[in-house]
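return a 3D structure for these sequence lines:
(chains A, B and C)
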Amino acid sequence: MLEHETADGLVAVMLSEVEAYAGSIDPASHSFRGKTGRNAVMFGPPGHAYVYFTYGMHFCANLTCGPEGTATAVLLRAGRIVEGVPLAAARRLAGRPGARIPDRDLARGPGRLGQALGIDRAQNGVDACDPASPLRIRAAAPEGTPGQISEGPRVGVSSAADWPWRFWRTGDPTVSVYRPYVPRTRPKPVSPSAAEDGTIPR
DNA sequence: TGGGCGATTGGCT
DNA sequence: GCCAATCGCCCAC
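Numbering: from 1, shown residues only, chains lettered A, B, ... in the order given. Predicted coordinates for the structure are as follows:
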C-alpha cells in the first residue's frame, strides 16, 4: 500500500498492478542508455520514488528496488483507493465538469494513479520508506487469497514487450486494460502530392 | 540545436 | 477503433 499526504489530505492506494524495469539489461527501461538528469533517481538506493512526466500531461510513479547503481524499479500501474476517495476523485475530475468516475477507475492506469495520488515532480527522489515522507509505503495485510498473482507482457513498451514483467492481482477490477504496443501512425503528409507518389518514408 | 516520439488518457466516430 | 492533447527528453544532425 502506498499513501501520499498533502495539504489537501491523504490518499492511500492498495496496489493491484506493477511492471518491472531492469536498468541496463532492459531495452524498455528509461535507464537502459545510462544515467541522465531524468532517470538519475533510478540509479540511487532502493525504496525511493522515481517520477517521470510523459505525453505532456501525465506523471507516473515508480519505486526503485535494486541495490544502488542497478537502476531497477517497478512502475506503479494501478490500484484501489482505500482512503481519501473524495480527494482522489476531485483530482481526477479537475477540469472535467459533469464527468463521473467509478471508484474502481480512480487509479486504474499509471497516469490515473499518479493524478489520484497528487503525484508530481516534487515527489521525484523522495524516500518512500521514511514514515516522515509525504509519499510513503504503508504496511498492509494481504487481501483475498494468497498467491493469486498473474503475470504477462508489459504495456505500451516498444521493445522487449514480450518480457512477462507485468504483475497483477488476478481478477482485480482495478487492474488496467491491456493494450499491446502499436506503432504510432506517422504525421499527415506535408503535401498531398508527396503522399500520393509514396515519397513519405514509413 | 532541431524534431520525433513516449512506461497515457479521454473523447468522438 | 481512431486520434488529438501536450511537453520534455534525448538522439541525430
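
quick one, phi psi at A:Gly23?
Per-residue torsions, A:Gly23: phi 50, psi -130 (degrees, to the nearest 10).

same check, this time on A:Leu63
phi -120, psi 130.

need the pLDDT of the residue in chain A that DNA strand C sits nearest to.
Distances between chain A and DNA strand C by Cβ to the nearest atom of the strand are smallest at A:Gly56, namely 2.5 Å. Where you see a C-beta, it was placed from the backbone N, CA and C, and this is true even at glycine. In this prediction, A:Gly56 carries a pLDDT score of 96.

what count of nearby residues applies to it?
5 (other Cβ atoms under 10 Å).

measure it to A:Leu15 for me?
26 Å (Cβ to Cβ, to the nearest Å).

name the nearest residue to A:Arg38, ignoring sequence neighbours.
Nearest non-adjacent residue to A:Arg38, counting by Cβ to Cβ, 6 or more residues apart in numbering: A:Tyr52, 6.3 Å away.

direction included, what does the stretch of helix or strand that neighbour belongs to pair up with?
Of the helices and strands defined by DSSP states H and E, A:Tyr52 is found in strand A:49-54. The pairing partners recorded for strand A:49-54 under DSSP bridges are strand A:58-64 (antiparallel).

the strand it pairs with vs DNA strand C: in contact?
No: interface with DNA strand C: strand A:58-64 contributes nothing (Cβ under 7 Å from any atom of the strand), its closest point being 8.3 Å away.

ok, that strand near DNA strand B or not?
Yes: Strand A:58-64 reaches DNA strand B (Cβ under 7 Å from any atom of the strand) through A:58, A:60, A:62.

ok so, going back, residue contacts, the residue nearest to A:Arg38?
A:30, A:38-39, A:59-60, A:62, A:124 (Cβ atoms under 8 Å, 6 or more residues apart in numbering).

adding distance to A:Pro134, pLDDT and neighbour count, write those out as a markdown table.
Listed next are these as a markdown table, based on distance: Cβ to Cβ, whole Å; pLDDT from 0 to 100; neighbours: other Cβ atoms under 10 Å:
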| residue | distance to A:Pro134 | pLDDT | neighbour count |
| --- | --- | --- | --- |
| A:His30 | 23 | 97 | 19 |
| A:Arg38 | 21 | 97 | 14 |
| A:Asn39 | 22 | 98 | 20 |
| A:Phe59 | 15 | 98 | 21 |
| A:Cys60 | 18 | 98 | 21 |
| A:Asn62 | 17 | 98 | 26 |
| A:Asn124 | 12 | 98 | 20 |
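
farthest pair in the residues you listed?
Largest separation among these by Cβ to Cβ: A:Asn39 and A:Phe59, giving 14.7 Å.

in chain A, which residue is closest to the centre?
For chain A, A:Pro110 is the residue whose C-alpha lies nearest the centre (Cα atoms, centre = their mean; 3.3 Å).
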